[in-house]
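[1] below is the sequence, then the predicted model.
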Amino acid sequence: MINTILIILTTFLSNSIASNQYFITQPKNTTAMAGTLVTLPCTVGNKQGTCQWTRDGLGLGVDIELAAYPRFTMSENSCDLQISPLLPSDEGVYQCQVGAKPGVAPIASRSASLRVTAEPGRPHITQAALGDVMEVKKGQEVLLECQSLGGKPAAEIMWIDHMKKIMKDEVMTKIVLMEDGKTFKSISALKFTPSTDTEITCSAKSDVFPVPKTSVIVIKHLQKPKVYLSMENPRIQVGDSFDIRCNTKAYPESVSYKWYINGQQLFNEKSSTLRINKIVKSFDKTEVKCKASNKVGSEKATIILNVNHGPVIVEEPEDILAKPGEIATFTCLAVANPAPTYVWIRKSTREVVGFASSMTVTTNEKDEQFVCKVFSEGFEEVESTPVKLQVIRKPIIKNVDEGQIGGEHLLHCSVESVAKKTKISWIVNDNPIDISDTKYETIYNEDGIFHHSFLVFKHPERKVLEHACFVSNEAGTDYKVAQNTSGQSDTIAIVILVILLLIVIMFLSFTIVIYNRKKNLSVDRMEKEKQVQSLSTETQPCLERSFCLDQSFISPSHSFDSCNTLSTTLARSFSLDQSRTERRMGF
């Protein structure tokens, strides 16, 4: 009996299961990332009715394509629901349902929760909307705001400085639910005062999406140009060509340039480089200036050109007169770059006696000469003309002679004096002649160590008086009386003329006597020759040569010519003596 009942129940249950729908797989709670493909499983055994999905209790439709939800589709062979791409708005409670058929009851799966996560959007800094650089003034406080949209869960925003350190001070953060009601907007504000140019990073991440997304802004301080000048080679020599560069550090970096030479603007030079060709010595110590400007302000930089050139003596040493034992100082000045050095040498011995531009020496009894040599590193030496140290000596009157000038009698006093102060004066009858004396005129002339004084007589009768030349200097005096030779010269001239006249008379008398004697001898000889010729006419021919020789013997005309020649010679001698006499009387 019992066995029969069990068989009947088993047969009933089997028939009942075979006629009803049932779930093989059912949806389960799922978390998926927005933007991906999500499949909610729903497999039905002995499926008789039509599949339908509900979300939050609202049916989505029974059509496989689900036209009202273009991103939703159901599988043809099963009731699986596919969503692609998944959006945060797709989040909800889903349930799979199968409709009824006659004799078949409808079925519904358990409810499953679909949770959608969304990666935070790339953060953006509001102040960087027009660029990645923010310009600020020195000491200006900066407020930055960073937003990250669509995060689910909400993004966590952090601020990071250029040293990779998290900035926590003065940070305010808030989270706002977006309009879709599913995602969040994270907002963070940072307030700080940058001390230097810096780079600030806004980072957004969440626990579900730990890889941060970042946005960067560069903080630049507005700065007028900082300027410095540089050259290719700091060592410049005369004749070199080189560039001077105007280096700047500024923001904005758009900079204009102006160049100046010793304060004068070079209007055609507007680049950051100034070219100088074949520089000359006169440019040494020249000031070159560059002025750089931007919208913030301007700044200048200056460089002084250091032009190397060989030594040139600009102040030659001068001769010095000094007494024995006195200190004498010679000065020699030169210009050169590098700076000149000096060496003084005694010329007679080549001994080095000094190493500065000035050289001091004690005066000896003898005159000396020195040479200043100038040196500059990298260049040939130069030397001055020899300079003399002359010892002051007692003056010496070389001579006092007479002469004529413009028909006026004068005395000339010639003096040799090595001294600083030499004075020549004239004395008549032991009384000095005053320069205001109208009876005389004094003329002075100096030629090195030789001094000349001329005393012109305005009254000729005073030349018979005794005159003397007196000279003095620091070392002593000299005195010499002028010899009055004007009367003596006239007497001597007369005596010489008388003597010459007597000599001429005696010579003429002697010539006449000789001539007469020779004439008489000639007559006698001719008589004798006639006699001889008459005797020898018959035997010997006439010799014309002998006759010619006789005639060419001393004749009166020849003797007279000889006399004239001697007279001319004597006259010339007289003129020469007279000329010599006049020259002696002159100066």
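    Ah, there it is.
[2] mind listing the helices for the chain?
    2-19, 486-535, 544-551, 556-585 (DSSP state H).
[3] buried set for stretch 438-446?
    Going by neighbour count (16 or more other C-beta atoms under 10 Å), the buried part of stretch 438-446 is Tyr440, Thr442. (Glycine included, C-beta is placed from N, CA and C.)
[4] just give me how far it sits from the chain centre.
    60 Å (C-alpha atoms, centre = their mean, to the nearest Å).
[5] using CSV, write out every CA atom in it.
    In CSV, the C-alpha atoms belonging to stretch 438-446 read as follows (Å, rounded to 0.1, in the frame of the first residue of the first chain):
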residue,chain,number,x,y,z
THR,A,438,120.0,155.4,-22.5
LYS,A,439,123.7,155.4,-23.5
TYR,A,440,123.6,151.7,-24.0
GLU,A,441,121.3,148.9,-25.2
THR,A,442,121.7,145.4,-23.9
ILE,A,443,120.7,142.4,-25.9
TYR,A,444,120.7,138.9,-24.4
ASN,A,445,120.6,135.5,-26.1
GLU,A,446,120.9,131.9,-24.7
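[6] average pLDDT for that stretch, rounded please.
    Stretch 438-446 carries an average pLDDT of 89.
[7] and the contacts of it?
    Applying C-beta atoms under 8 Å, 6 or more residues apart in numbering, the external contacts of stretch 438-446 come out as 422, 424, 426, 433, 435, 451-459, 462.
[8] one more time with 10 Å, if that's ok
    Contacts to stretch 438-446, defined as C-beta atoms under 10 Å, 6 or more residues apart in numbering, come from residues 405, 408, 410-415, 417, 422-426, 428, 433-435, 451-459, 461-462, 467.
[9] show me which of these are buried.
    The neighbour-count test (16+ other C-beta under 10 Å) marks 410-415, 417, 422-426, 428, 433, 451-457, 467 as buried among these.
[10] quick one: Gln390 and Asp367 touch, right?
    Yes. When contacts are counted by C-beta atoms under 10 Å, Gln390 is listed as touching Asp367 (5.1 Å).
[11] what about the residue lying closest to Asp180 once chain neighbours are set aside, distance to Leu144?
    Excluding the flanking residues, the one nearest Asp180 by C-beta to C-beta, 6 or more residues apart in numbering is Ser89, at 5.6 Å. When distances are taken as C-beta to C-beta, to the nearest Å, Ser89 and Leu144 turn out to be 32 Å apart.
[12] also Trp259?
    Trp259 sits at a distance of 41 Å from Leu144 (criterion: C-beta to C-beta).
[13] is Tyr257 in contact with Leu229, as I believe?
    No. Between Tyr257 and Leu229 there is no contact, the gap being 11.3 Å when judged by C-beta under 10 Å.
[14] what touches both of the two?
    Cys246, Leu274, Cys290.
[15] can you pull out the strands in the stretch 1-150 of the chain?
    Listed in chain order, the strands of the stretch 1-150 of the chain (DSSP state E, counting those that start in this stretch) span 22-25, 30-33, 38-40, 43-45, 51-55, 58-59, 72-74, 81-83, 92-98, 107-108, 112-117, 124-125, 133-136, 142-151.
[16] next one: phi and psi at the residue lying closest to Pro338 once chain neighbours are set aside?
    When the adjacent residues along the chain are set aside, Pro338 lies closest to Glu377, with 4.8 Å between them (C-beta to C-beta, 6+ apart). As for Glu377, its main-chain torsions (degrees, to the nearest 10) stand at phi -60, psi 130.
[17] try Thr50
    Here the main-chain torsion angles of Thr50 (degrees, to the nearest 10) amount to phi -100, psi 140.
[18] can you redo the strands of the stretch 1-150 of the chain as CSV with distance to Ser215?
    CSV is the format used below for those (distance: least, C-beta to C-beta, whole Å):
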stretch, distance to Ser215
strand 22-25, 45
strand 30-33, 22
strand 38-40, 30
strand 43-45, 47
strand 51-55, 36
strand 58-59, 40
strand 72-74, 35
strand 81-83, 31
strand 92-98, 33
strand 107-108, 48
strand 112-117, 22
strand 124-125, 5
strand 133-136, 13
strand 142-151, 7
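[19] closest one to Arg350 among those strands?
    For Arg350, the closest of those is strand 133-136, at 74.3 Å, according to C-beta to C-beta.
[20] and the closest one, how far out from the chain's middle?
    Offset of strand 133-136 from its chain centre (C-alpha atoms, centre = their mean): 39 Å.
[21] give me the helices and strands touching that strand, please.
    Packed against strand 133-136 by the contact rule (3 or more C-beta pairs under 10 Å, 6 or more residues apart in numbering; DSSP states H and E) you find strand 142-151, strand 213-221.
[22] let's see it at 7 Å
    Strand 133-136 makes packing contacts with strand 213-221 when contacts are defined by 3 or more C-beta pairs under 7 Å, 6 or more residues apart in numbering; DSSP states H and E.
[23] the residue nearest to Pro338 against Asn337, yeah?
    No. Under the criterion of C-beta atoms under 7 Å, Glu377 is not in contact with Asn337, lying 9.6 Å apart.
[24] which one's more surrounded, these two?
    When Glu377 is set against Asn337 and neighbours are counted by other C-beta atoms under 10 Å, the residue ahead is Asn337, at 21 against 11.
[25] partner residues bridging the residue lying closest to that one once chain neighbours are set aside?
    Once flanking residues are discounted, Asn337 sits nearest to Asn308: 4.9 Å by C-beta to C-beta, 6+ apart. When bridges are taken as DSSP bridges, the partners of Asn308 come out as Gln237.
[26] which pLDDT value does the model give Asn308?
    Asn308 is given a pLDDT of 93.
[27] same question, Asn247
    In this model, Asn247 carries a pLDDT of 96.
[28] show the contacting residues for it.
    Contacts of Asn247 were listed using C-beta atoms under 7 Å, 6 or more residues apart in numbering, and they are Tyr228, Ser230.
[29] which residues does it bridge with?
    Applying DSSP bridges to Asn247 gives these bridge partners: Tyr228.
[30] gap between it and Val296?
    Here the criterion is C-beta to C-beta. By it, Asn247 lies 17 Å from Val296.
[31] check Asn268 too.
    26 Å.
[32] more neighbours: which of these two?
    For Asn268 versus Val296, the count of surrounding residues by other C-beta under 10 Å is larger for Val296: 16 against 6.
[33] thinking that one is in contact with Pro225, fair?
    No. No contact is recorded between Val296 and Pro225 when judged using C-beta under 7 Å, the distance being 8.3 Å.
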